[in-house]
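**Q** Sequence and predicted structure below; questions after.
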Amino acid sequence: MDRIDCMRAFVATVGANGFAAAARAMDVPRSKVSKQIQALEEAIGVQLLQRTTRSLHLTEAGAEYYEAARELLASLDETEQRARDGVGELRGVLRVNAPMSFGLRRLGPLIPLFHQQHPNVELQLVLSDQQVDPVRGGFDVTIRIASLPDSSLVARLLAPAPRIMVASPAYLARAGTPRTPKDLTSHQCLNYGYLQSGVSLQLSNGKETQRVNVTGPLHANNGDLLAQAAQAGMGIALLPDFIVEDALAAGTLVPVLCEWQAPAISINAVYPSSRRVPQKTRAFIEFLVKALAVHTTV
């Protein structure tokens, strides 16, 4: 069998976490994918995958081979794309991972515009509020709204993501309006469950910084859910502005402690480190930089 086709089958299987899902993505029989990976293992004399009846796991050699194969295939695809640049549009599959709320509120309206510019690029968008490994997940671009401690990844700043503390008018009428961060200790707070800071909030007003421990009836890993709970009067939430902008405009949420700001976070495009980034990846990132700039300046 063709070595490159076998490598593609292996990379697709690891990215999809299974033969069946990889076969569907490649539009080939499941048996062909399995045979291609077996042929690849026989050709290089190393077991790449540990197979059980329910799951697949990379061996140590397989994990190393996967990263090298993925980079090699990306380089090959880019070389072929560059050869076509003079005669055609960007094309191919672009796998993108993003948080659920950002995907629905920001990416959703932008995807048709990107498609108009690059109709031959097939976008595979996966929305998830769990932090995924872009390499193991097989993603070309991962959108993260947080700090970026992983030095093995390359990040491109897309836009700032200011956070606002909000509550419903009904909650504030019932519980009172906090005047200082320390007042939050006596309030019901709705917390984002995946923040490393947990339930400890740091707020600054330019001259002073206060850190307070807060409690509340709800922890969740989705900002829209927290915003809905806040609108229902459950408590106070600290959320990115793009999640609460409509509720603020409608008056169902109002800002709290406006003079105090949480540490800045930003919206970033993250991708595996490589000297050669495929053109379709670069084009998508540049598109987002320009498109999101419109939202931050309106």
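**A** Received the coordinates, thanks. Numbers count the residues shown, from 1 in each chain.
**Q** thought residue 49 was touching residue 37?
**A** Yes - between residue 49 and residue 37 a contact is recorded at 6.6 Å, counting by Cβ atoms under 8 Å. No exception for glycine: its C-beta is placed from N, CA and C like everyone else's.
**Q** what is in contact with those two at once?
**A** 10, 13 (Cβ atoms under 8 Å, 6 or more residues apart in numbering).
**Q** Between these two, which is the more surrounded one?
**A** residue 37 (24 against 19; other Cβ atoms under 10 Å).
**Q** in what helix or strand does that one lie?
**A** Residue 37 is part of helix 30-44, with elements assigned from DSSP states H and E.
**Q** which outside residues touch that helix?
**A** Under Cβ under 8 Å, 6+ apart, the answer for helix 30-44 is 1, 3, 5-7, 9-10, 12-13, 19-20, 22-23, 26, 47-49, 65.
**Q** Buried by neighbour count: which residues of that helix qualify?
**A** In terms of neighbour count (16 or more other Cβ atoms under 10 Å), helix 30-44 has its buried residues at 33-34, 36-41.
**Q** So what does the spatially closest residue to residue 111 that is not a sequence neighbour have for phi and psi?
**A** Once flanking residues are discounted, residue 111 sits nearest to residue 123: 6.3 Å by Cβ to Cβ, 6 or more residues apart in numbering. Per-residue torsions, residue 123: phi -90, psi 130 (degrees, to the nearest 10).
**Q** Check what pLDDT residue 123 gets.
**A** With respect to pLDDT, residue 123 scores 93.
**Q** Same check on the one 10 residues further on?
**A** At residue 133, the model reports a pLDDT of 75.
**Q** any idea how far residue 62 is from it?
**A** 15 Å (Cβ to Cβ, to the nearest Å).
**Q** One more: residue 205?
**A** Using Cβ to Cβ, residue 205 is found at 52 Å from residue 62.
**Q** Could you do residue 224 as well?
**A** From residue 224 to residue 62 the distance is 38 Å (Cβ to Cβ).
**Q** higher neighbour count, these two?
**A** Using other Cβ under 10 Å as the criterion, residue 224 and residue 62 rank with residue 62 on top: 21 against 17.
**Q** check contacts around that one.
**A** 14, 46-49.
**Q** Tabulate the residues you listed in a markdown table, adding columns for pLDDT, distance to residue 232 and secondary structure.
**A** Converted to a markdown table, the contacts of residue 62 look like this (pLDDT from 0 to 100; distance: Cβ to Cβ, whole Å; DSSP: H, G, I helix; E, B strand; the rest coil):
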| residue | pLDDT | distance to residue 232 | secondary structure |
| --- | --- | --- | --- |
| 14 | 90 | 42 | helix |
| 46 | 92 | 56 | coil |
| 47 | 93 | 53 | coil |
| 48 | 93 | 50 | coil |
| 49 | 92 | 47 | strand |
